[in-house]
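# Sequence and predicted model, in that order:
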Amino acid sequence: MCWHQSDNVMQHRILVIDDNRDVIKALKLLFLLNDIDCDGATSPEQGLDMLKTSSYDLVIQDMNFSLDTTSGVEGKALYQDIRQLNSDLPIILLTAWANLEMAVELIKDGAADYLEKPWREEKLLASVNQLLELYRLEKVQFKQQKQSQARTTKLADKFDLAGLVYADPAMLSLLEVATQVAHSDAPILITGPNGAGKEKIAEVIVANSPYKNAPFIKVNAGALPADLIEAELFGVVSGAYTGATKSRIGRFEAADGGTLFLDEIGNLPLSGQQKLLRVLQTGEFEPVGSSQTKKVKVRVISATNAELSKAILQGKFREDLYYRLNMIELNLPPLTERPEDILPLAKHFIGEDKQLSSGAIQTLKRYNWPGNVRELQNVIGRAKLLAQGSIIESGDLGLNIKQSSSAAASEFTAQDIQAALSAHDGNVTHAAKSLGLSRQAMYRRMDKFGIERE
Ligand SMILES: Nc1ncnc2c1ncn2[C@@H]1O[C@H](COP(=O)(O)OP(=O)(O)OP(=O)(O)O)[C@@H](O)[C@H]1O
Ligand SMILES: [Mg+2]
């Protein structure tokens, strides 16, 4: 195990509550030598007063105070009073052998640890250091959680999220940007894998734009043969080519004054790309087979799951068009990279009438979702049909992955743990979630492999 003292400026403070002044003196000295502030209180009343007036990171408390008792009743009362003041503060109980049973009872209630008198210094220090570090991380995490809750509330209050469901911080950040840029005219490019929700993001942008009540036209460049795309986008006059028997307006004209969503933009052929570039620059175009120039004002949102930069290198996509389209680029991560979205989305697709078993929840969290949200939607739709009663079991999901958490967990290597941490910018909670581990289990593995907790 590697123990970390507070690496930064923050100094930890411990309060020792014990009627034996020698105990306080000995602990103060021990902690002084280890760079930890320590105060002492010789009675429960004094200790509680000190906890009310200043802030501590850990309490070490005795179990007996008046000379004639050894029952531990006073210690229990003190423990409970401290818990009333602070439900998270780590509390270490110093017990005599006779109070062991009481100590165990309080551990079950949430005391952090107990040590028998006389204590071994290394053991006490080990426990203290570990608890201080955990408490510090919990406080940091609590603060982050509070902040993202506040951001989530603000987003919901200020904007129309068009029914989009999310809980992951990655999605929160993305939505903050998307809603910020929604009001401008600037073209937006949404990138992300299949079924991740690119169109949904486009809907959010439109819902918060000045064009929300104007036309919102969607064109899928991937679903049309190359030679029809231009006619689809810009319109066609009759006789322009065989089969063009009637004149037809294009999607740009239909979207005039509003928004055009160009899906799978990477599939647009080069000739169409040139026309598109011109509309984006001037608003002008000519329908296929016509020499009459038309002018429109359209906000363009495009989407792709292809790497346009690669297509540019291969000469399949115009670089100037790319820079025009991606004035603002929103990158939507795959579902596995926003693990906190999985359950809320699953519940959203299930609706009111059914629930997930805990096994099914585990399965959903562990699966790697190559088809992202759309796949999740399909899996849930099928599971609802297959489920016998009101509970969706893991088997109803039809996803073939390992079920046993303990077996899976024991297989993680140092590289797995490290990779998960890097993928989540060192955020232990998210890294742990992505591996299907609890935060504590993650810390144990980090300690086992000597991975620093920062
Ligand atoms: N965050 C979300 N909340 C609610 N529904 C969502 C969310 N994300 C996606 N969906 C739904 O999942 C389905 C797939 O999403 P969408 O069509 O937006 O993905 P896409 O990235 O455009 O997919 P493709 O790459 O296939 O075009 C849609 O039915 C959409 O409404
Ligand atoms: Mg799409």
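Alright, I've got the coordinates. Ligands and ions are numbered 1, 2, ... in the order given.

# Please tell me how far Glu230 sits from ligand 2.
Per Cβ to the ion, to the nearest Å, Glu230 is found 21 Å from ligand 2. All C-beta atoms are positioned from the backbone trio N, CA, C, and that covers glycine.

# should've said Leu94
When Cβ to the ion is applied, the distance between Leu94 and ligand 2 equals 62 Å.

# Now that residue: closest residue in space, sequence neighbours ignored.
Asp62 (5.2 Å; Cβ to Cβ, 6 or more residues apart in numbering).

# Do me a favour and get the backbone dihedrals for the one you found.
phi -80, psi 160 (degrees, to the nearest 10).

# What parts of this structure come near ligand 1?
Where proximity means Cβ under 6 Å from any ligand atom, the interface of the chain facing ligand 1 comprises 164-166, 192, 194-200, 263, 305, 345, 373-374, 377.

# Only the buried members of those: can you turn that into a ChimeraX selection?
Selecting in ChimeraX just the buried members of these, where the criterion is 16 or more other Cβ atoms under 10 Å, is done with this command:
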select :164,165,166,192,195,196,197,198,200,263,305,345,373,377
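
# before we move on, the earlier item: what about the residue nearest to Leu94, how many residues close to it?
26 (other Cβ atoms under 10 Å).

# among the residues of the chain next to ligand 1, which are in strands?
Using DSSP state E, the subset of the residues of the chain next to ligand 1 located in strands is Asp263.

# List the ones among the residues of the chain next to ligand 1 that fall in helices.
Judged by DSSP state H, helices contain the following of the residues of the chain next to ligand 1: Lys198, Glu199, Lys200, Leu345, Val373, Arg374, Gln377.

# In CSV, list these along with distance to Ser434 and pLDDT.
Listed next are these as CSV, based on distance: Cβ to Cβ, whole Å; pLDDT from 0 to 100:
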residue, distance to Ser434, pLDDT
Lys198, 22, 97
Glu199, 26, 96
Lys200, 22, 97
Leu345, 16, 98
Val373, 17, 97
Arg374, 21, 96
Gln377, 21, 97
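
# nearest to Arg13, of those?
Leu345 (43.1 Å; Cβ to Cβ).

# so how far is Leu435 from Gln418?
According to Cβ to Cβ, to the nearest Å, Gln418 stands 11 Å off from Leu435.

# Comparing the two, which shows the higher neighbour count?
Between Gln418 and Leu435, counted using other Cβ under 10 Å, the more crowded position is Leu435 (22 against 14).

# Now the nearest residue to that one once chain neighbours are set aside: phi and psi?
In space, Leu435 comes closest to Ala420 once its chain neighbours are excluded; the distance is 5.3 Å by Cβ to Cβ, 6+ apart. Recorded main-chain torsions at Ala420 are phi -60, psi -40, according to degrees, to the nearest 10.

# Equivalent analysis for Val16, please.
For Val16, the backbone dihedrals (degrees, to the nearest 10) come out as phi -100, psi 120.

# how about it, what does it touch?
Taking Cβ atoms under 8 Å, 6 or more residues apart in numbering, we find Val16 in contact with Val23, Ile24, Leu27, Lys28, Cys38, Asp39, Gly40, Ala41, Val59, Ile60, Gln61.

# Derive a ChimeraX selection command for the buried subset of those residues.
Restricted to buried positions by 16+ other Cβ under 10 Å, the ChimeraX selection for these reads:
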select :23,24,27,28,38,39,40,41,59,60,61
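
# out of everything not next to it in sequence, what's closest to Arg374?
Take Arg374 and drop its neighbours on the chain: the residue closest to it by Cβ to Cβ, 6+ apart is Gly195, 3.0 Å away.

# make that Ser271, sorry
For Ser271, the nearest residue in space outside its immediate sequence neighbours is Glu230; the separation is 6.7 Å by Cβ to Cβ, 6+ apart.

# host element of the one you found?
Counting by DSSP states H and E, the element that carries Glu230 is helix 226-234.

# and the helix or strand that that helix is followed by, what does it pack onto?
The first helix or strand that comes after helix 226-234 along the chain, using DSSP H and E, is strand 235-236. With contacts defined as 3 or more Cβ pairs under 8 Å, 6 or more residues apart in numbering; DSSP states H and E, the packing partners of strand 235-236 are strand 248-249.

# Pairing partners for the strand it packs on, with directions?
When pairs are called by DSSP bridges, strand 248-249 turns out to pair with strand 235-236 (antiparallel).

# Tell me which residues are up against the partner strand.
Ala244, Ser247, Arg248, Ile249, Gly250, Phe252, Glu253, Pro287, Val288, Gly289, Ser290, Lys294.

# Contact partners for whichever residue of the stretch 51-200 of the chain sits closest to ligand 1?
Nearest to ligand 1 in the stretch 51-200 of the chain, going by Cβ to the nearest ligand atom, is Gly197, at a distance of 2.8 Å. Gly197 makes contacts with Leu164, Leu332, Asn372, Val373, as judged by Cβ under 8 Å, 6+ apart.

# State the pair within the residues you listed that is farthest apart.
Between any two of the contacts of Gly197, the greatest separation by Cβ to Cβ is 13.9 Å, found for Leu164 and Asn372.

# how far away is the most centrally placed residue in the chain from His424?
Most central in the chain under Cα atoms, centre = their mean is Asp168, positioned 3.0 Å from the mean C-alpha point. When Cβ to Cβ is the yardstick, Asp168 and His424 sit 11 Å from each other.

# wait, doesn't the residue nearest to Leu94 sit right on Asp18?
Yes - between Asp62 and Asp18 there is a contact at 4.0 Å, judged by Cβ atoms under 8 Å.

# Overlap of the contact sets of the two?
Leu94.

# Tell me where the stretch 251-400 of the chain has strands.
Secondary structure of the stretch 251-400 of the chain by DSSP state E, counting those that start in this stretch: the strands cover 259-263, 284-285, 294-295, 299-304, 328-331, 355-356, 391-392.

# How about residues contacting the fourth one?
Right, strand 299-304. 185, 187-192, 198-199, 202, 205-206, 209, 211, 258-266, 280, 325.

# ok, Asn372 - how many residues close by?
24.

# Flag every buried residue along the helix ranked longest in the chain.
Across the chain, the longest stretch assigned as helix under DSSP H is helix 121-158. The neighbour-count check on helix 121-158 (16+ other Cβ under 10 Å) flags 124-125, 127-137, 148, 152, 155 as buried.

# Summarise which helices and strands that helix is packed against.
Under the contact definition 3+ Cβ pairs under 8 Å, 6+ apart, helix 121-158 sits against helix 21-33, strand 58-62, strand 91-95, strand 113-116, helix 169-181.

# how about those in a markdown table, adding mean pLDDT?
Supplementary listing: those in a markdown table, determined by pLDDT from 0 to 100:
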| stretch | mean pLDDT |
| --- | --- |
| helix 21-33 | 95 |
| strand 58-62 | 96 |
| strand 91-95 | 93 |
| strand 113-116 | 91 |
| helix 169-181 | 96 |
